[in-house]
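1. just a sequence and a predicted model for now, questions to come.
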Amino acid sequence: MEPPTYFQVTMVKGIFRSMHADHRLRSLPSGVTELKDIFAIAAPLPILGPVAEALFLRRYMMALNRERNAVIKQLAESNDWQRYLPAYGKERAP
């Protein structure tokens, strides 16, 4: 973790053989914040896993990531984010 520009999530236990995601944030000259996600996943079955990844898992994870990013955007652009980071919101309040 390198707040506020980078954090990584790694699955310790779960349904995938492995999964981790790098999340990078940066401010653009326009003042907009860009979030870039890089996911690496491996399906649980050694032989059928790559087939499942190609047929549906990649598409499913992309849709899940788009939905997650839409929620993050909605929260970040409203005051609702303070429900999740209340101490930070109080420190930064004008």
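-> Yes, it's here. Numbers count the residues shown, from 1 in each chain.
2. low-confidence stretches in this structure?
-> For the chain, applying pLDDT under 70 flags the ranges 88-94.
3. if we use 80, what do you get?
-> Counting by pLDDT under 80, the ranges of the chain that qualify are 46-49, 52, 54, 85-94.
4. and the helices in it?
-> For the chain, the helices defined by DSSP state H cover 49-52, 58-76, 86-92.
5. turn the ones you listed into a markdown table, columns for mean neighbour count and distance to R26.
-> Using the backbone N, CA and C atoms, a C-beta is placed for each residue, glycine as well. Shown next, in a markdown table, are the helices of the chain (neighbours: other CB atoms under 10 Å; distance: least, CB to CB, whole Å):
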| stretch | mean neighbour count | distance to R26 |
| --- | --- | --- |
| helix 49-52 | 14 | 33 |
| helix 58-76 | 12 | 14 |
| helix 86-92 | 10 | 19 |
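6. looking at those, spot the one closest to T10.
-> For T10, the closest of the helices of the chain is helix 58-76, at 15.2 Å, according to CB to CB.
7. and of the helices of the chain, who's closest to P4?
-> P4 lies closest to helix 86-92 among the helices of the chain, at 10.1 Å (CB to CB).
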